[in-house]
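J.: for reference, the sequence and a predicted model appear below.
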Amino acid sequence: MAWNWLRKLAVNPTAKMALGERGEDFAAKYLRRHGYKILVRRFKTRAGEMDIICRQKDWLVFVEVKTRKSDDYGAPSEAVTREKQKHMSKVALEYLRMLGNPPIRWRFDIVEVLLRDDAKKPDDIRLIQNAFDLSEPFIY
């Protein structure tokens, strides 16, 4: 999770952090049920963190999970701004460099999780495949 460093400092993690962690757990289960193989969760680099890195058939998939209590103020995926996409691109390229820049197909997906605080399961989970392309000026 993006706030793991903060969690170590916090005696009591914030409600937002806890909601995000629960959303990532539900997203990982959802992806597994839909044929994805989870490779790494919470992959960290200097550029940032990738929530989930997984494989779906021939694709390597970098997944951003956005969890909200409701979509009253817009879809959770709307929070994946250009700046966030740029950070995700940097993290993905770092991961690919670690693998030796293999000639594989890869993409960015977003999983939206709508989850009330007291809910035992999400109200809704939506997968947006190929949500955006590699950000400018990056090249692979």
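T.: The structure has been received and is ready for your questions.
J.: for this protein, what spans make up the strands?
T.: Listed in chain order, the strands found in the chain under DSSP state E are 37-45, 48-56, 59-68, 105-114, 124-132.
J.: go through these and pick out the most buried.
T.: Most buried of the strands of the chain, by mean neighbour count (mean count of other Cβ atoms under 10 Å): strand 59-68, with a mean of 23. (Each C-beta comes from the backbone N, C-alpha and C, glycine too.)
J.: which strands or helices does the longest helix along the chain pack on?
T.: Across the chain, the helix with the greatest residue count (assigned by DSSP state H) is helix 15-33. Judged by 3 or more Cβ pairs under 8 Å, 6 or more residues apart in numbering; DSSP states H and E, helix 15-33 is in contact with strand 37-45, strand 48-56, strand 59-68, strand 105-114, strand 124-132.
J.: just want the angle from it to strand 59-68.
T.: Between the direction of helix 15-33 and that of strand 59-68, the angle (axes from the mean of the first three to the mean of the last three Cα atoms, to 10 degrees) works out to 140 degrees.
J.: and helix 15-33, average pLDDT?
T.: Summarised as a single mean, pLDDT over helix 15-33 is 90.
J.: any buried residues in it, and which?
T.: In terms of neighbour count (16 or more other Cβ atoms under 10 Å), helix 15-33 has its buried residues at 17, 19-24, 26-28, 30-31.
J.: mind showing which ranges of this protein have poor pLDDT?
T.: Applying pLDDT under 70 to the predicted model, the residue ranges of the chain that meet it are 1-13, 138-140.
J.: and the strands of the chain as TSV, adding distance to A75?
T.: Supplementary listing: the strands of the chain in TSV, determined by distance: least, Cβ to Cβ, whole Å:
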stretch	distance to A75
strand 37-45	23
strand 48-56	17
strand 59-68	8
strand 105-114	6
strand 124-132	8
